[in-house]
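Participant: mind folding the following:
(2 chains)
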Amino acid sequence: MSKTGLIISREYFTRVKKKSFLLTTILVPIVIIGFWIAIIAVSIKGGSDETSMAVIDKAGLLSDTSINKNKALKLTFINNETEESFTKKYKTQGYKAFLYIPEFNLDSTRKFVVHSSSSLSMSTSSSLERLLNNAIENKRLIQKGIDPHVFKKISSNVDVDNIIDSEEGGKRGNAKVATAVSFACGILIYMMMIIYGTQVMRGVMEEKTSRIAEVIVSSVKPFQLMLGKIIGIGAVGLTQFAIWTILMIGLSSIIPLFMPAGAMEQVASNPAMAGEAGMMGTLMQGMSSLPIFKIVSLFLFYFLGGYLTYASLFAAIGSVVSEDQQDAQQLVFPVLMPIILGFVIMSNSLSNPHSNMAVFGSLFPLTSPIVMMGRITYDIPFWQLATSMLLLIGCFLFFTWITGKIYRTGILMYGKKPSWKEMMKWAFKRS
Amino acid sequence: MHLLELQNLKKNFATQKAVDDISFTIEQGSIFGMLGPNGAGKTTLLRMITGIFYPDSGAILFNGKTFDPQNDFRNIGYMPEERGLYKKMKIGEQAVYLARLKGLSSAEATLKVKEWFIKFEMQSWWNKKVEDLSKGMQQKLQFVTTVLHEPKLIILDEPFSGLDPVNANLIKDEIFGLAKNGSTIIFSTHRMEQVEEICNHIVLINKGKKILDGTVKQVKQDFKENIYRIGASVLPEHLATYIFEVVKHQPDELLIRLTHDSTPNDVLQYFISKGISIQSFNEVLPSLNDIFIKQVEGTATARQFQPIQSS
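Facilitator: Residues are numbered from 1 along each chain as shown, chains lettered A, B, ... in the order given. Okay, here's the model as predicted:
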């Protein structure tokens, strides 16, 4: 095995064998999926729990019982009590909460007060709001002489269905899903670049402070050591990413099995969660409309390009600082700036994928890995893609060459942190 | 044959000449001491010999040919003064890894590491991490990783620091053994008593220049001051003579320095003629420590504007 290969395999295996790697790799998707399950579970539970609520209706707002079709709320009307007197009694009478509706002017909206022993759940308060709004709207319609039933027939609620006409024929697209996929890809690259970049930096600092670097560079070229570390850690990132993808796919297909029978229907029947069940269908439909192969290959390319470019910068930083964490922080900041800038442009380009800013961001090699992800689900002109890729490769080669020189000098220097001027001198010194 | 020959090596850093025109040769199988105060340029010189730094000018001949770090690294084992090991890596794996970086195959490396671990009674360490070891134990491990691949040239920078006398002896015996088997050893230290005990040949470096070069015996001869110790009870009135001057006078011992080209025989004759009984008579050679201090004295203890903390 070549020396660089040896270094790569050490960097790779020492990290992959660590317990913390296994833990984060397996825990992250479980936490995400668990979170998702928890959200669904909570919303189902909140919807199915009946809240018994007392109402003092001075205005006669809810007297029309036809409005109250909500199963989640069991309303009991109380007469002959005032807000003040009933506040003391409702708990002992077995109500969890009571709603007080004073007499009010129908033309001015206002707030109503709910007294309760503990705070109301989100779904209870939202169904209560919906109930009151419906009641007020009904009253207003009647006041203006419009039959509420007629109004219901008139009002409309449309969805826009997008069919993308590609060579393979029309596919149903979904703008929201496309945006979500773009955003997810962008944020993933953003996070991976920072996480693995700093890992490279810490690895280099470890080698420098433990002085193993001096032993190793008496066997291999400093450049081989740097490259081995960068590639090894990048491979760790790819491994982690691959495991995540597999776990996510596996878990998502398992989840429905864990759901209590009829849970999905219940979700669907609950107006608060109306979108939820339909969302799965829309999601699948939206996903299948996307050019998955193109997205995955571009994602891998930009992840590698971005990672390699920044990792070499992080390696150079690690090599010039000694023990002092603060020194590292100072140098990391300018490197993080373009990453953060890229993230900002990416978020912006989600809604404006062809704006000048988005195009610039996706060509400029320091931001392109992230910004291009924001545009990935849209049609990107070929020349832009090609230019962006070439620039990224060129930038990576240039940075590796420059940082390799800084690294070579820095890794053996101890004591004071070198100034920018000194580092520039190392970078452009002929060897 | 010279294993290593340095010709007019120079290396400048931004603010100073770290190594300023140094030449010397090292014989195969010798134990070569490189001495010098802190910041003299020793580490820089060693780094050039290991191929970590390139000299600005001058040449290094290794085994008669121009030194080529890319091929000759296999024949060099370098143990830097600041010990370097991966703290979180298992000891056995680490030793094998470092040996493989030197070009050994996996099987070969594993075998060698096991042999050395048995020799140094370190078998039980295999699955421990470096951070679990005491400083002295790390030192032993570092020594093993340095000599494992049987290099022709072994460079040891302060190999005994942090070792207890038992382990120091263990390493010392290994060094003698390695030299006997044909390895050449460069030994860099400030501990002069170790140098006297171990080295055949020394150079003294100060401020980037070589100021002394020779065998230990030779250097001592060169710097001797004709001082003799006489074990005898001498009365003060017997000391008034032109053949020597008194350095130190104690009731039963006398230190003298010969003057006016007189010889030890003259001194003995003088005392015998005075009827003084002599128990012992021997020459006092300067210790390397004295020579070192004398040579370095008067120069600033630390070099100014030091970009590298070398020693």
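
Participant: contacts, neighbours, all on C-alpha from now
Facilitator: OK.

Participant: Three-state assignment for B:Asn8, please.
Facilitator: Of the three states, B:Asn8 takes strand according to DSSP: H, G, I helix; E, B strand; the rest coil.

Participant: give me the pLDDT for A:Ile233.
Facilitator: pLDDT recorded at A:Ile233 is 93.

Participant: doesn't A:Ile195 make contact with it?
Facilitator: No - counting by C-alpha atoms under 8 Å, A:Ile195 is not a contact partner of A:Ile233; they are 10.4 Å apart.

Participant: more neighbours: which of these two?
Facilitator: Counting neighbours by other C-alpha atoms under 10 Å in any protein chain shown for A:Ile233 and for A:Ile195 shows that A:Ile233 has the greater number, 27 against 13.

Participant: where along the stretch 201-350 of chain A do the helices fall?
Facilitator: In order along the chain, the stretch 201-350 of chain A carries the following helices (DSSP state H, counting those that start in this stretch): A:212-216, A:222-258, A:263-269, A:274-289, A:292-320, A:325-351.

Participant: in terms of mean pLDDT, which of those ranks lowest?
Facilitator: Lowest mean pLDDT of these: helix A:263-269, a mean of 49.

Participant: number of residues surrounding B:Leu285?
Facilitator: Counted with other C-alpha under 10 Å, the neighbours of B:Leu285 add up to 17.

Participant: same check on A:Ile212?
Facilitator: 18.

Participant: now do the one 5 residues further on
Facilitator: Around A:Val217 there are 23 other residues, counting by other C-alpha under 10 Å.

Participant: any idea how far the closest residue to it other than its chain neighbours is from A:Phe314?
Facilitator: With sequence-adjacent residues excluded and distances taken as C-alpha to C-alpha, 6 or more residues apart in numbering or on different chains, A:Val217 is closest to B:Ile52, at 6.3 Å. Distance of B:Ile52 to A:Phe314, computed by C-alpha to C-alpha, to the nearest Å: 22 Å.

Participant: looking at the two, which is more packed in?
Facilitator: Just comparing B:Ile52 and A:Phe314: by other C-alpha under 10 Å the higher neighbour count belongs to A:Phe314, 28 against 25.

Participant: excluding its backbone neighbours, what's nearest whichever residue of the stretch 1-150 of chain B sits closest to chain A?
Facilitator: Of all residues in the stretch 1-150 of chain B, B:Gly84 sits closest to chain A, with a separation of 3.7 Å (C-alpha to the nearest C-alpha). In space, not counting the residues next to it along the chain, B:Gly84 is nearest to A:Ile212; the distance is 3.7 Å by C-alpha to C-alpha, 6+ apart.

Participant: picking that back up, was I right about the residue nearest to A:Val217 contacting A:Ser218?
Facilitator: Yes - counting by C-alpha under 8 Å, a contact exists between B:Ile52 and A:Ser218, whose distance comes to 5.8 Å.

Participant: outline the domain layout of chain B.
Facilitator: Following the assignment in automatic domain parsing, chain B carries domains at B:2-221, B:225-284.

Participant: show me what contacts B:Glu225?
Facilitator: Under the criterion of C-alpha atoms under 8 Å, 6 or more residues apart in numbering or on different chains, the contact partners of B:Glu225 comprise B:Arg257, B:Leu285, B:Pro286.

Participant: and it, that's in a helix?
Facilitator: No - when classified by three-state DSSP, B:Glu225 is found to be coil rather than part of a helix.

Participant: how far away is it from chain A?
Facilitator: As defined by C-alpha to the nearest C-alpha, to the nearest Å, B:Glu225 lies at a distance of 42 Å from chain A.

Participant: give me phi/psi at that residue?
Facilitator: B:Glu225 adopts backbone torsions of phi -120, psi 20, taken as degrees, to the nearest 10.

Participant: re earlier: which of the contacts of B:Glu225 fall within strands?
Facilitator: Among these, the members falling in strands are B:Arg257 (criterion: DSSP state E).

Participant: reformat the contacts of B:Glu225 as CSV; add pLDDT and distance to B:Ala232.
Facilitator: Formatted as CSV, the entries for those read as follows, by pLDDT from 0 to 100; distance: C-alpha to C-alpha, whole Å:
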residue, pLDDT, distance to B:Ala232
B:Arg257, 83, 16
B:Leu285, 84, 20
B:Pro286, 83, 22
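
Participant: is it possible to get JSON lines of the contacts of B:Glu225 that adds distance to chain A?
Facilitator: What follows is the contacts of B:Glu225, written out as JSON lines (distance: C-alpha to the nearest C-alpha, whole Å):
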{"residue": "B:Arg257", "distance to chain A": "48"}
{"residue": "B:Leu285", "distance to chain A": "39"}
{"residue": "B:Pro286", "distance to chain A": "36"}
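
Participant: hmm, A:Thr209 is touching A:Val320, no?
Facilitator: No - with contacts defined as C-alpha under 8 Å, A:Thr209 does not count as touching A:Val320, sitting 10.9 Å away.

Participant: beta partners for the residue of the stretch 151-300 of chain B found nearest chain A?
Facilitator: With C-alpha to the nearest C-alpha, the shortest gap between the stretch 151-300 of chain B and chain A falls at B:Ile155, namely 11.1 Å. Counting by DSSP bridges, B:Ile155 is bridged to B:Tyr78, B:Ile186.
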